[in-house]
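Participant: When you get a sec, could you give me coordinates for this:
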Amino acid sequence: RDYHGIISIRNDTHRSKTIPRHTSLGLISQSTEQLNINIIHKQTTNNRNPPSISSSLVSCTHCASQFCNEQELYQHFLICCNKHLLCENKTVDALVKHIKDPTQRMKAYLIIHQYEQLFDDSCVKGINCSPQSAINTGDHPPLATNPRRISTLNRQIINDEVKKMLNSGIISPSTSPWASPVVIVKKHDGSPRFCIDYRKLNSITQKDIYPLPRIDDVIERLNGSHIFSKIDLRSGYFQVPLDNEERNKTAFITHDGLWHFNRLPQGLKNSPSVFQRLMNNTLGSLRWDVCLAYLDDVVIYSRSFNQHLIDLDNICHVLHESNFKLNYNKCSFFQQEISFLGHKISAAGCSPNDDNVRAILQFPVPKSSKAAHSFLQMVGFYRKFIPRFAQISSSLNKFTRKGFSFIWTETEETSFNHLKDAITSP
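Facilitator: Numbers count the residues shown, from 1 in each chain. Purely as a prediction, here's the structure:
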């Protein structure tokens, strides 16, 4: 009233202090939005002490300013430290700006900000786990291959990738008697990808039969949820330490030297099983209850926003304790609809992913058995959405058999077009 107000001042020390008259205690500025902020009193499912509003001051980790509670801290973030970077050119605010309700946006902001170290991309460090075993070759003698001839451009790509992995501690120079060749393959977008041809090593490696989750079970479990967060682990395999005795077996040879992996590499027969087992053990009882992990993709699902705050806090806490790092660009939080394992998922249910449907519709008329087989695999992934799929596709099944002569008639053309029409039908 009369442009005057009462502000509480707290002395958090054990000594009395005197504030001289006319001392400036701070600055007041008008917020760009109205906030109706409530204190979050959280209940967790694992009896862990949740972060809450306590009698102690809370501090901004970026400028060291202190505040009486988390509401004041959040307003400080909005006004002063809103542009703090989680990683290169990335902010917390960008992850939650799609949330329209100001109170919900504040709660989401504080949860993610609490675990900002998950997004530290300065270095891909190993997680807190014992070294993993993935290459049981028994008594088989070492296998070695000479480096393949490559172009000048691909040689530079290999040099750059080796340098990056060496600086991150992912690989080390090696004197191993084992050696697998390096190959450069094209990604879907045409860009080059560094790979190692482990086919010979895989042929003598005992299979780890630990299962990956069934995709249909995962999709079914998400039914009935209303809000989702999707987490992608940054270079997930490269965060897993590899057993010392097996590192020599991962050695790869280039035109410039021999190197072996200190972390779990991609391309090994058992890498998916080893990684899935590790994720299942890390998430424990939270799996199939509030989250699901398919290799390095984790989806968190809840029936309400407030419950999702609790679930996300629990998952982030577990990942933080294990020292996992996340890929900011592939993470999305507090979404009403997500794309996961080739499906579009929301409270309304699930349907085929739009990009995959578009690829099916744009698939050209096959000119070979291999092309027809590829089309059948693409559309067969969504067979549960296509009534009478087996009957419609019966004329194309012959192209899945080796050695079958390619003959494309009106019958195959009809099945081909019918499947395209069916994938877009409600």
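Participant: Can you pull the phi/psi pair for Asp216?
Facilitator: phi -70, psi -30 (degrees, to the nearest 10).
Participant: Tell me, how many residues neighbour it?
Facilitator: Look at Asp216: counted by other C-beta atoms under 10 Å, it has 11 neighbours. Backbone N, C-alpha and C define where each C-beta goes, glycine included.
Participant: can you give me the helices in the protein?
Facilitator: 70-79, 92-96, 102-114, 152-167, 199-203, 215-221, 271-283, 305-321, 354-361, 369-380, 389-393, 410-423 (DSSP state H).
Participant: Distance to Ile127 and mean pLDDT added to the ones you listed, as a markdown table?
Facilitator: Shown next, in a markdown table, are the helices of the chain (distance: least, C-beta to C-beta, whole Å; pLDDT from 0 to 100):
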| stretch | distance to Ile127 | mean pLDDT |
| --- | --- | --- |
| helix 70-79 | 29 | 61 |
| helix 92-96 | 23 | 85 |
| helix 102-114 | 19 | 87 |
| helix 152-167 | 17 | 92 |
| helix 199-203 | 24 | 95 |
| helix 215-221 | 23 | 90 |
| helix 271-283 | 8 | 94 |
| helix 305-321 | 9 | 93 |
| helix 354-361 | 31 | 92 |
| helix 369-380 | 34 | 91 |
| helix 389-393 | 41 | 90 |
| helix 410-423 | 40 | 91 |
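Participant: can I get those helices in a markdown table with distance to Asn248?
Facilitator: Formatted as a markdown table, the helices of the chain follow (distance: least, C-beta to C-beta, whole Å):
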| stretch | distance to Asn248 |
| --- | --- |
| helix 70-79 | 49 |
| helix 92-96 | 41 |
| helix 102-114 | 41 |
| helix 152-167 | 17 |
| helix 199-203 | 11 |
| helix 215-221 | 35 |
| helix 271-283 | 17 |
| helix 305-321 | 31 |
| helix 354-361 | 40 |
| helix 369-380 | 37 |
| helix 389-393 | 47 |
| helix 410-423 | 48 |
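Participant: Quick one: closest of those helices to Ala251.
Facilitator: helix 199-203 (9.6 Å; C-beta to C-beta).
Participant: thinking again about what came up before, nearest to Thr137, of the helices of the chain?
Facilitator: Each of these was scored for nearness to Thr137 using C-beta to C-beta, and the closest is helix 199-203 (7.5 Å).
Participant: Low-confidence ranges, this protein, go.
Facilitator: 1-6, 12-16, 29-90, 123-124, 426 (pLDDT under 70).
Participant: How is it divided into domains?
Facilitator: Domains of the chain are assigned by automatic domain parsing as 27-114, 123-350, 353-423.
Participant: Can you tell me which of those is packed in deepest?
Facilitator: Mean neighbours per residue, mean count of other C-beta atoms under 10 Å, is largest over the domains of the chain for domain 123-350, with a mean of 17.
Participant: and that one, how far from the chain's centre?
Facilitator: Domain 123-350 sits 10 Å away from the centroid of its parent chain (C-alpha atoms, centre = their mean, to the nearest Å).
Participant: ok, the closest residue to Ser368 other than its chain neighbours - contacts?
Facilitator: Among residues not flanking Ser368 along the chain, Phe406 sits closest, at 5.5 Å (C-beta to C-beta, 6 or more residues apart in numbering). Residues near Phe406 by C-beta atoms under 8 Å, 6 or more residues apart in numbering: Pro366, Lys367, Ser368, Ser369, Ala372, Phe399.
Participant: again, but for Leu201
Facilitator: Ile135, Thr137, Leu143, Trp178, Ser180, Lys249, Leu268.
Participant: surely the last one meets Lys207?
Facilitator: No: with the criterion set as C-beta atoms under 8 Å, Leu268 and Lys207 do not qualify as a contacting pair; they are 11.2 Å apart.
Participant: got the residue ranges for the strands in the stretch 151-300 of the chain?
Facilitator: Per DSSP state E, counting those that start in this stretch, the stretch 151-300 of the chain carries strands over the ranges 171-173, 180-186, 192-196, 227-232, 252-254, 257-261, 291-294, 297-302.
Participant: Quick one: closest of these to Lys100.
Facilitator: For the strands of the stretch 151-300 of the chain, proximity to Lys100 was assessed by C-beta to C-beta; strand 227-232 is nearest, at 13.2 Å.
Participant: ok, and what's touching that closest one?
Facilitator: Under C-beta under 8 Å, 6+ apart, the answer for strand 227-232 is 222, 296-305, 308, 312, 315, 319, 326-327, 330-338, 340, 345.
Participant: Would you mind getting the angle between it and helix 305-321?
Facilitator: On the basis of axes from the mean of the first three to the mean of the last three C-alpha atoms, to 10 degrees, strand 227-232 is oriented at 20 degrees to helix 305-321.
Participant: Let me know the angle separating strand 227-232 from helix 102-114.
Facilitator: Interaxial angle, strand 227-232 versus helix 102-114 (the same axes, to 10 degrees): 20 degrees.
Participant: Just the CA trace of strand 227-232, in CSV.
Facilitator: Below are the C-alpha coordinates for strand 227-232, written out as CSV (Å, rounded to 0.1, in the frame of the first residue of the first chain):
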residue,chain,number,x,y,z
ILE,A,227,3.0,-37.3,-20.1
PHE,A,228,6.4,-38.6,-21.2
SER,A,229,10.0,-37.7,-21.1
LYS,A,230,12.6,-39.3,-23.4
ILE,A,231,16.3,-39.6,-22.5
ASP,A,232,19.1,-40.5,-24.8
